[in-house]
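Visitor: The following block contains a protein sequence and its predicted model.
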Amino acid sequence: MKFSALVQSELETINTTQIADWLTKKSQTEREYKRLSEDFKAIVIMQEAGFYEQADTRFSQWKNKGIPAELQRYRLAIAGKAGGKRLVKKRFSMLPAAVQNHPQLKPWKKQLQSNPWMLGGLLVAGLAVLGLFQLDFSQPEEVPVVTNQENVEQKLAALEKEVEQLKEKNEQLTEQAPVKSKDTTKPKETAKPKATTDAKKTLSPEETLKQAIAATQEKDYKSANRLLTGTVLTDDATKGMARFYQLIAGGKLGETKQTDYVAYREDFPDSGYMSDVLWMQAVYEQKNKVGDYKATLEELAKQPDNEWSYAAQAILDGKSTLGEE
C-alpha cells in the first residue's frame with residue numbers, strides 16, 4: 001500500500017467516536033485526561049475540515065500519556081496529511097519502542113523501514129523506560145495490571161456501542177414488521193422504502209439530529225445527509241445545529257455549494273459555529289476557484305481568538321497553507 005493510501009485509509013476507518021468515548025471515561029477517573037478529551041474533539045473537527053497542520057500541532061502538545069493504539073494511528077495519519085512522510089518519521093521516532101512494534105502500527109513501521117536505526121535502534125532503551133512512560137495496552141502481553149484494566153475499559157466501550165447499535169436495529173425491525181406482514185405479495189423494493197419512511201416519521205427533530213450527528217462522527221455522511229431534511233431543519237430547537245452538520249455531511253459528499261455557507265452565516269449570525277463555517281467556506285472557495293477565499297480568511301481572522309482565527313491569520317501571513325496537500 002502506498003503511503004498516501006495508508007494515510008487516507010486510516011482517516012476513513014479509525015473510529016474517532018469510540019476513541020472520544022474512551023477519553024471521556026478516562027477523564028472521569030483521571031483528571032489529566034479531561035483536557036485530552038476536549039482537545040480530541042477539536043482535533044477531529046480540524047481533521048474533518050482539512051486543517052491537518054493545526055491538528056498535528058495540537059497533538060504534539062500532548063504529554064506522554066497512555067493512549068490506545070488506534071489513537072496513535074490517528075495521530076500518524078494526521079501527521080501524514082500535515083507534513084508527509086518526513087513528519088510521520090519524526091512523530092514515529094518519538095514513540096516508545098514497544099508502541100512502534102505494536103501489531104496495529106505494523107503498516108506504519110513498514111512504510112518507514114528505510115531508516116532501521118530509527119525503528120529498531122531504540123528498542124532496548126525504550127523497554128528500559130517503558131514502565132515509567134508507557135501505560136497503554138500498546139505493550140506486549142506481559143504487561144502490568146493497569147494496562148489490562150485499560151484494555152477492559154476500551155472493550156467495554158466497544159461493547160456498549162455494539163449494544164446500542166443492536167437496539168436500534170431491533171427497533172427498526174419491530175417497526176418494519178407490520179409493513180411486511182401487510183405487503184407480503186408486493187416486491188421487496190416497494191415495502192422497504194415505506195418502512196424506512198414510517199420509521200423516520202416517528203423520530204422527533206431532536207432524535208433525528210442526534211442520529212445525524214452520530215452518523216457524521218461515524219463518517220457515514222450519506223445517512224447523515226438523508227436524516228437532515230424536513231422538520232429538523234425548521235424546528236427552532238434543532239435548525240441551527242442541523243444546518244451546520246448538513247454543511248459538513250454535504251461537503252464530504254461534494255453536494256455543498258458556496259452559497260450554502262453564505263446562507264448559513266446570514267441565517268445564523270450569532271452561531272457558535274461561525275468560525276468553523278468560515279473555514280469550510282474558505283477551503284471550498286480555494287479548492288473550487290469560487291469567490292475570494294482570502295477575503296473569507298480575513299473575515300475569519302477577525303473572529304474571537306480560536307484555532308480557526310489563528311490559522312486564518314497564519315495563512316494570510318504566509319506562515320501556513322490552506323487545504324489538503
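Guide: Thanks, I have it.

Visitor: only C-alpha atoms for contact and neighbour calcs from this point on.
Guide: OK.

Visitor: Tell me who's in contact with the residue most central in space within the chain.
Guide: Among the residues of the chain, the smallest C-alpha distance to the mean C-alpha position (C-alpha atoms, centre = their mean) belongs to Val44, namely 4.0 Å. Contacts were defined as C-alpha atoms under 8 Å, 6 or more residues apart in numbering; by that measure Val44 touches Thr16, Ala55.

Visitor: now do Tyr310
Guide: Neighbours of Tyr310 in contact, by C-alpha under 8 Å, 6+ apart: Ala301.

Visitor: Check which element follows the host helix or strand of Gln18 along the chain.
Guide: Following DSSP states H and E, the helix or strand that holds Gln18 is helix 16-29. Of the helices and strands lying after helix 16-29 in sequence (DSSP H and E), the nearest is helix 32-49.

Visitor: any idea of the mean pLDDT in that next one?
Guide: Looking at helix 32-49 alone, the average pLDDT works out to 84.

Visitor: what do you get for stretch 238-251?
Guide: The pLDDT scores in stretch 238-251 average 92.

Visitor: Can you give the contact residues for that stretch?
Guide: Counting by C-alpha under 8 Å, 6+ apart, 205-206, 209, 212-213, 216, 221-222, 224-225, 228, 232-233, 256, 260-261, 264, 268, 271, 273, 277 sit against stretch 238-251.

Visitor: ChimeraX command to pick out the buried ones of those residues?
Guide: In ChimeraX, the members of the contacts of stretch 238-251 classed as buried (16 or more other C-alpha atoms under 10 Å) are selected with the following command:
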select :205,206,209,212,213,216,221,224,225,228,232,233,256,260,261,264,268,271,273,277
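
Visitor: Sort out for me which of the contacts of stretch 238-251 are in helices.
Guide: With helices taken from DSSP state H, the overlap with the contacts of stretch 238-251 comprises 205-206, 209, 212-213, 216, 221-222, 224-225, 260-261, 264, 277.

Visitor: Distance of Gln54 relative to Gly230?
Guide: Gln54 sits 35 Å away from Gly230, going by C-alpha to C-alpha, to the nearest Å.

Visitor: When those two are compared, which one has more neighbours?
Guide: Of the pair Gln54 and Gly230, Gln54 is the one with more neighbours under other C-alpha atoms under 10 Å, namely 21 against 12.

Visitor: what about Tyr284, helix or strand, and which?
Guide: Element membership of Tyr284 [criterion: DSSP H and E] is helix 274-288.

Visitor: which helices and strands sit right next to that helix?
Guide: For helix 274-288, the packing partners by 3 or more C-alpha pairs under 8 Å, 6 or more residues apart in numbering; DSSP states H and E come out as helix 258-267, helix 293-301, helix 307-316.

Visitor: Quick one: closest of these to Thr24.
Guide: Distances from Thr24 to each of the helices and strands packed on helix 274-288 were compared by C-alpha to C-alpha, and the smallest falls on helix 307-316, at 21.7 Å.
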